[in-house]
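Asker: Model the following, please.
(chains A, B, C and D)
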Number of protein chains: 2
Amino acid sequence: MASHGARGRSGGRPTLEEVAARAGVGRGTVSRVINGSPRVSDATRAAVEAAVAELGYVPNTAARALAANRTDAIALVVPEPETRFFAEPYFSDMLKGVGAAISDTEMQLLLIFAGSDRERRRLAQYLAAHRVDGVLLVSVHADDPLPDLLAQLEIPAVISGPRSSAETLPSVDSDNYGGGRQAVEHLLSGGRRRIAHITGRLDVYGAQRRIEGYRDALSDAGHEADEALIEAGDFTEEGGRRAMAALLERRPTLDAVFAASDVTAAGARQALREAGRRIPDDVALVGYDDSAIARHMDPPLTSVRQPIEEMGHGMIDLLLTEIADRRPSASRGLERRQMVLATELVPRSSS
Amino acid sequence: MASHGARGRSGGRPTLEEVAARAGVGRGTVSRVINGSPRVSDATRAAVEAAVAELGYVPNTAARALAANRTDAIALVVPEPETRFFAEPYFSDMLKGVGAAISDTEMQLLLIFAGSDRERRRLAQYLAAHRVDGVLLVSVHADDPLPDLLAQLEIPAVISGPRSSAETLPSVDSDNYGGGRQAVEHLLSGGRRRIAHITGRLDVYGAQRRIEGYRDALSDAGHEADEALIEAGDFTEEGGRRAMAALLERRPTLDAVFAASDVTAAGARQALREAGRRIPDDVALVGYDDSAIARHMDPPLTSVRQPIEEMGHGMIDLLLTEIADRRPSASRGLERRQMVLATELVPRSSS
DNA sequence: AGGTACTGTGGGAGCGCTCCCACCAGTGAT
DNA sequence: ATCACTGGTGGGAGCGCTCCCACAGTACCT
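Answerer: Down below sits the predicted model:
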């Protein structure tokens, strides 16, 4: 039975204790070195680091998690089926930003889909077990119970796209109001005067803000508001087509359209074609998101770009702050828990 | 200082011990119930389950991991940059299969990209810390050091697409040999006689197997081998174009082409067009993968489908077996550690 | 009556860390 | 010399589990 001695050198990973013995110091000191505490003399630190290298010591995460009551992991929760996640570049861009930001830290990122009821139950269980130190929430609907659950479990969370102007969670958003303004100002500067707007889903806060930007840009330029130039859409292609048709019926003389998303613009384009209007000659078209669709549309679509990757980065920053603030010590700073990033207009030939 | 009592009912999660007290049993018994041991009487089990429900007990994963030396997590390692992951449906299909299989278990799935050197170093650290019970490896190149690292750390792993016929790791693969045969047999049954093959990268085992399938199908049908009808490609579009051009030069009378991937077929199609050959009238074309490209090509491309989702499922099955086998107890069964799934020919108008 | 063999159960030991208190110099003020 | 401090250090206690040994109880042989 040779398998007896297996605990010795080979299989068993070295522990803090072994490193301490090797370096001729106490357990506490090794722990301090590992965790970068400044209260260690340079000589001791060097000795410990040498022992760590010789032994190939790697801290046991489970033991650390148990003793310190933290996991060093955060979850990116996507309340959508995986299919949508892969279909929409929004998510992959976001993941890219989040990934880049988190790779500067010791934290680990978990990707969790919560599209189906089953997955949501699993997630609830998962959160109840406190298996992450914090949560990143993307694409949350206004009536989602998830934020409440997180609050109740006292798990730090950051949301992308606040649910309302009274959002309680720390949030990162792009400047939807400014984006709306940019689109309209661009069209105005191109000589357009009868500018219509196809909105996004009205229960989405960002969509509301884009409408406000649209309105203010027009009135600031001295144009009287014409509510008949606004038609509700729902971010879908079909919704865009329908809204455009309605607008053409109601205000046949319109000379420009600002659509609340690129997909919506694609639908609008179709309706404009069917009505025999040329883009951009008869009607200029501006979308929102600067997605792949915008680049591949015929003609290529002018669009408002949101800095999604940077938003992902910002979410991590906010969340890490939030986590640090909740730990014992911490001045409990009530600073800026909202982050709003500027949008950018990307002009193409549709306007 | 009211924050004193915070340890009491509210903030602090209940522990095994508290559940035991509540149910009037010992700690060990509660543990047995939680872990589904059969050696508990029905009455006791019911009492414990009631206590668990009343207290809202959720096991502490860190403590369990520490005591039992397992994490209940497995990693899906993608040795590619995230960009490719999102671009290729192969990965999302795989993830879907893996996700479906794992949701039947208590295991957690981690998605880890290891495209850059930096990410690979992180991964090595991560594995050294034994933060997962097992690893799923997809799309591994022949000279990748990762499998060796895993072996050295004694971490169970399963690979998709063996690196050679002597693959040591448990593996899941589709029947590349059979797929090659299917393609050729389909073309033969369509009356084609001069069938060319554009291969994949020759250092990829699956590509070799497809060539063998191609050869055997031809010789079984009594056709003499013509090595000049085989041209090396590299799975890319440009490679396909180039190979097709070479084939047309060498064997202008060919009447069919079997390409080792849909992308390759797309390149071949281009070269055929340029040479004025009509598809399928002059030359029939068959691809491999049944990807979105195949469906959207003009004309739609006949292709060999690999059951990628099922492969993901199979990988989980193999890995869980592997993990179970390494635990104390376990009969250390040396059974089937390879899994080969059948391919399916999807006929479309290109042949 | 005394074995023998189970089933079900309680609880000690220990997993590898972090936290924190005690303690030991050394330093400068008194 | 005495009394603070302060930077540096060792090690006990304890995080919440699992594992396993010990033992009570019952049942079924000899």
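
Asker: quick one: A:Glu322 from A:Ala157, how far?
Answerer: Computed as CB to CB, to the nearest Å, the A:Glu322 to A:Ala157 distance reads 8 Å. C-beta: built from backbone N, CA, C; applies to glycine.

Asker: residue ranges for the helices of the stretch 101-250 of chain A, please.
Answerer: With DSSP state H, counting those that start in this stretch as the criterion, the stretch 101-250 of chain A has helices at A:117-128, A:146-152, A:176-189, A:205-220, A:237-250.

Asker: looking at it, A:Gly178 is touching A:Tyr214, isn't it?
Answerer: No: assessed by CB atoms under 8 Å, A:Gly178 is found out of contact with A:Tyr214, at 11.3 Å.

Asker: Counting neighbours, go ahead and name the busier of those two.
Answerer: A:Tyr214 (26 against 19; other CB atoms under 10 Å in any protein chain shown).

Asker: Enumerate the residues of chain A near chain B.
Answerer: A:11, A:13, A:56, A:58-63, A:65-66, A:71, A:82, A:86, A:89, A:92, A:95-96, A:99, A:103, A:108, A:110-111, A:113, A:118-119, A:122, A:125-126, A:128-131, A:154 (CB under 8 Å from any CB of the partner chain).

Asker: For stretch A:43-56, buried residues please.
Answerer: Using 16 or more other CB atoms under 10 Å in any protein chain shown as the test for burial, stretch A:43-56 gives A:44-45, A:47-48, A:51-52, A:55.

Asker: Can I get those in TSV including distance to DNA strand C, secondary structure and pLDDT?
Answerer: Putting those into TSV (distance: CB to the nearest atom of the strand, whole Å; DSSP: H, G, I helix; E, B strand; the rest coil; pLDDT from 0 to 100) gives the following:
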residue	distance to DNA strand C	secondary structure	pLDDT
A:Thr44	13	helix	95
A:Arg45	15	helix	96
A:Ala47	17	helix	96
A:Val48	12	helix	96
A:Ala51	12	helix	96
A:Val52	10	helix	97
A:Leu55	10	helix	96
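
Asker: how about the helix or strand containing A:Met315: buried residues?
Answerer: Assessed by DSSP states H and E, A:Met315 sits inside helix A:308-326. By neighbour count on 16+ other CB under 10 Å, the buried set for helix A:308-326 is A:308-316, A:318-323, A:325.

Asker: tell me which strands and helices that helix is in contact with?
Answerer: Helix A:308-326 sits against strand A:73-78, helix A:89-102, strand A:134-138, strand A:157-160, strand A:171-174, strand A:338-341, with contacts defined as 3 or more CB pairs under 8 Å, 6 or more residues apart in numbering or on different chains; DSSP states H and E.

Asker: repeat that with 7 Å
Answerer: Here helix A:308-326 touches helix A:89-102, strand A:134-138, strand A:157-160, strand A:171-174, strand A:338-341, going by 3 or more CB pairs under 7 Å, 6 or more residues apart in numbering or on different chains; DSSP states H and E.

Asker: Rebuild the ones you listed as a markdown table, extending it with mean neighbour count.
Answerer: Shown next, in a markdown table, are the helices and strands packed on helix A:308-326 (neighbours: other CB atoms under 10 Å in any protein chain shown):
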| stretch | mean neighbour count |
| --- | --- |
| helix A:89-102 | 20 |
| strand A:134-138 | 25 |
| strand A:157-160 | 25 |
| strand A:171-174 | 24 |
| strand A:338-341 | 16 |
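
Asker: Nearest to B:Met297, out of these?
Answerer: helix A:89-102 (23.2 Å; CB to CB).

Asker: Specify the angle between that closest one and strand A:73-78 in degrees.
Answerer: In terms of direction (axes from the mean of the first three to the mean of the last three CA atoms, to 10 degrees), helix A:89-102 departs from strand A:73-78 by 170 degrees.

Asker: Distance from the chain centre to helix A:89-102, please.
Answerer: Chain-centre distance of helix A:89-102: 7 Å, with CA atoms, centre = their mean, to the nearest Å.

Asker: helices and strands around the lowest-mean-pLDDT helix or strand in chain A, which ones?
Answerer: Lowest by mean pLDDT, DSSP states H and E among the helices and strands of chain A is helix A:82-87, with a mean of 81. Packing partners of helix A:82-87 (3+ CB pairs under 7 Å, 6+ apart): helix B:89-102.

Asker: Can you name every helix or strand that the helix it packs on contacts?
Answerer: Packed on helix B:89-102, when contacts are counted by 3+ CB pairs under 7 Å, 6+ apart, are helix A:82-87, strand B:73-78, strand B:108-113, helix B:308-326.

Asker: pretty sure A:Ile323 contacts A:Val135?
Answerer: No: look at A:Ile323 against A:Val135 with CB atoms under 7 Å: they stay out of range, at 10.3 Å.

Asker: which of the helices of the stretch 101-250 of chain A sits most buried?
Answerer: The highest mean neighbour count among the helices of the stretch 101-250 of chain A, using mean count of other CB atoms under 10 Å in any protein chain shown, belongs to helix A:176-189: a mean of 22.

Asker: pLDDT of that one, averaged?
Answerer: Helix A:176-189 shows a mean pLDDT of 98 in the predicted model.

Asker: got the angle between it and helix A:205-220?
Answerer: Going by the same axes, to 10 degrees, helix A:176-189 makes 40 degrees with helix A:205-220.

Asker: helices or strands next to helix A:176-189 in the packing?
Answerer: Judged by 3+ CB pairs under 7 Å, 6+ apart, the packing partners of helix A:176-189 are helix A:205-220, strand A:256-259, strand A:284-288, strand A:302-305, strand A:344-346.

Asker: Show the overlap between the residues of chain A next to chain B and what lies near DNA strand D.
Answerer: A:63, A:66 (CB under 7 Å from any atom of the strand).

Asker: In the stretch 101-250 of chain A, what residue comes closest to DNA strand C?
Answerer: A:Glu106 (10.9 Å; CB to the nearest atom of the strand).

Asker: In a markdown table: the helices and strands packed on helix A:176-189, plus mean pLDDT.
Answerer: Below are the helices and strands packed on helix A:176-189 laid out as a markdown table (pLDDT from 0 to 100):
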| stretch | mean pLDDT |
| --- | --- |
| helix A:205-220 | 96 |
| strand A:256-259 | 98 |
| strand A:284-288 | 97 |
| strand A:302-305 | 97 |
| strand A:344-346 | 97 |
